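> Okay, predicted coordinates and the sequence, questions at the end:
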Amino acid sequence: MDIPEDIHQHVLGIARAIAEASSAGDTRAQWQLHGQLREFCHAMADAGRDHPFLWETLADFTRDDRVAIGLYQRALLQVRQLGSAEAEASICMELAQRHLVLAEPAIAYAFALRADDAARLTDDLPLRQRVSQFLLDHSLDDPQG
C-alpha cells in the first residue's frame, strides 16, 4: 500500500513529536499535536487525498477507545478497497485490542479472526505470529467455545 511521501513524512513528524511529548510527560503538547494530526487527516480527506494510513495513525494516538474504533473502522473500509491484506490484518488486530479493553471479547475475537484471514495472505511472519498469539491467548473468550 503506497503512502504519498508528503503525507507519510508529515504524519511521521507529528507522530514523533507526540511520542516525544509523551516521554516528557507533556500532556498539553500531546493534545495539541493530536489536534494537529486530526486536522491534517481531515484536510487531506477534504482535498481528495484520503488514505487509510491517516486514520490508522490518528487512531493509534487516540486514547478514547470508542473514538479510536471509529477511526480504525474508517481506515479498514479504505484498506479493503485498496486490497492490502497486511494493513487489513494490522487494523483488525488494533480493533481486536480496543474491543478487548472495552470488555467486548466476542467482538475482539471476531476481529482477530478477520486479522488471521488477512494475515494468511501475507508473508509477514511477525504479524501472523502476533495474530496467532492473540487468538491463543483469548481462545477462552471465543463465544463458540
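Cool, got the structure. Just so it is clear, the model here is predicted, and its values are computed rather than measured.
> Does residue 97 belong to a helix, a strand or coil?
At residue 97 the chain is in helix, as set by DSSP: H, G, I helix; E, B strand; the rest coil.
> Might one say that it is in contact with residue 105?
No - using C-beta atoms under 8 Å, residue 97 makes no contact with residue 105, being 11.6 Å away. The C-beta positions use only the backbone N, C-alpha and C, and glycine is treated the same way.
> Residues touching the one helix or strand residue 135 maps to, excluding its own?
Element membership of residue 135 [criterion: DSSP states H and E] is helix 125-137. The contact list for helix 125-137, computed with C-beta atoms under 8 Å, 6 or more residues apart in numbering, reads 86, 89-90, 93, 96-97, 109, 112-113, 115-116, 119-120, 122.
> of all those, which comes closest to residue 139?
residue 109 (8.3 Å; C-beta to C-beta).
> care to break the protein down by domain?
1-82, 84-145 (automatic domain parsing).
> can you list the weak-confidence ranges in the protein?
140-145 (pLDDT under 70).
> where do the strands sit along it?
Assigned by DSSP state E, the chain shows no strands.
> quick one, helices of it?
5-23, 27-46, 52-60, 65-82, 85-101, 105-119, 125-137 (DSSP state H).
> re the thing from before, could I get the domains of the chain as CSV with mean neighbour count?
Converted to CSV, the domains of the chain look like this (neighbours: other C-beta atoms under 10 Å):
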stretch, mean neighbour count
domain 1-82, 16
domain 84-145, 17
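> got the contact list for residue 65?
With C-beta under 8 Å, 6+ apart, residue 65 has these contacts: 98, 101-102.
> thinking residue 112 is in contact with residue 89, fair?
No - taking contacts as C-beta under 8 Å, residue 112 lies outside contact range of residue 89: 9.8 Å.
> Please list the residues outside stretch 84-97 that contact it.
With C-beta under 8 Å, 6+ apart as the criterion, stretch 84-97 contacts 1, 52, 56, 59-60, 68-69, 72-73, 75-76, 79-80, 108-109, 111-112, 114-116, 118-119, 121-122, 124, 127, 130-131, 134.
> just stretch 38-58 next, same as before
1, 3-4, 7-8, 10-11, 14-15, 34, 37, 71-72, 74-76, 78-79, 82, 84, 87, 90-91, 94.
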